[in-house]
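>>> this one's sequence-less:
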């Protein structure tokens with residue numbers, strides 16, 4: 001069947017039955033890499049806490065840019081507000097602000113909030129949401145790397161999910177754990193990016209990776225190990 005790989009992956013990571021019972025996720029993480037200082041927002045994500053909705057694309061980051069500030073992400077709106085609820089900055093249709101950006105464009109805080117909002121939400125909910133309505137997943141040609149063969153899932157995202165690119169590729173080892181994630185970062189000018197994914201651990205009955213390192217790929221689709229653009233380390237995950 002077309003989705004045999006997806007079924008195997010979901011079962012290996014404890015499956016959709018457990019995931020469907022989850023509503024909210026709280027995460028403590030650290031995000032570094034060359035992308036952030038290049039965009040003028042270095043150091044802001046070094047020690048980050050967030051709450052997100054497991055089944056709806058919403059996230060709240062705190063503190064965000066200041067000890068008494070928080071950032072709220074939704075696909076069509078980002079808001080910077082004080083902890084007492086006062087709105088300080090707001091942007092509707094935030095993706096549109098990137099339309100005139102070039103490779104050297106600097107980001108403001110709402111640009112950063114939009115980018116990490118959709119990116120982190122996707123990283124923390126995959127692959128569990130891949131069997132929801134609107135996602136299309138199929139197994140394609142496997143990939144061999146470091147003498148390991150990884151099965152590949154091509155996933156087409158629904159229009160209502162904000163993500164890096166419409167079609168992305170996910171490579172899983174013999175245990176069903178995600179090892180590599182390839183996409184084109186449309187918001188950065190459709191640059192080709194590869195994530196390597198490590199250190200899977202169990203949180204709330206679900207198996208999730210705790211480290212990601214993102215690299216650029218060249219015109220021959222080869223990973224450029226000297227170009228580390230993002231590093232993500234999960235410190236703790238909780239559910240409620």
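That came through fine. Model, not experiment: these values are computed from the prediction. Numbering: from 1, shown residues only.
>>> For the protein, just list every one of the helices.
Ranges of helices within the chain are 4-12, 15-20, 35-38, 109-125, based on DSSP state H.
>>> in the shortest one, what counts as buried?
Of the residues in helix 35-38, 35, 36 count as buried by neighbour count, 16 or more other Cβ atoms under 10 Å. C-beta coordinates here come from the backbone N, C-alpha and C atoms, glycine included.
>>> other SSEs contacting that helix?
Judged by 3 or more Cβ pairs under 8 Å, 6 or more residues apart in numbering; DSSP states H and E, helix 35-38 is in contact with no other helix or strand.
>>> now that helix: how far from the chain's centre is it?
For helix 35-38, the separation from the chain centroid amounts to 17 Å (computed by Cα atoms, centre = their mean, to the nearest Å).
>>> Thought residue 71 was touching residue 88, still the case?
No: in this structure, residue 88 is not within contact of residue 71 by Cβ atoms under 8 Å, at 10.1 Å.
>>> what's the closest residue to residue 31 other than its chain neighbours in contact with, if anything?
Sequence neighbours aside, residue 45 is the residue nearest to residue 31 in space, at 3.8 Å (criterion: Cβ to Cβ, 6 or more residues apart in numbering). Contacts of residue 45 were listed using Cβ atoms under 8 Å, 6 or more residues apart in numbering, and they are 30, 31, 32, 36, 116.
>>> Rebuild those as TSV, extending it with distance to residue 93.
TSV is the format used below for the contacts of residue 45 (distance: Cβ to Cβ, whole Å):
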residue	distance to residue 93
30	30
31	25
32	29
36	24
116	18
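>>> Narrow those residues to just the buried residues.
Neighbour counting with 16+ other Cβ under 10 Å marks 31, 32, 36, 116 as buried within those.
>>> what's the most distant pair in those?
32 and 116 (12.4 Å; Cβ to Cβ).
>>> picking that back up, neighbour count winner among residue 88 and residue 71?
residue 71 (26 against 12; other Cβ atoms under 10 Å).
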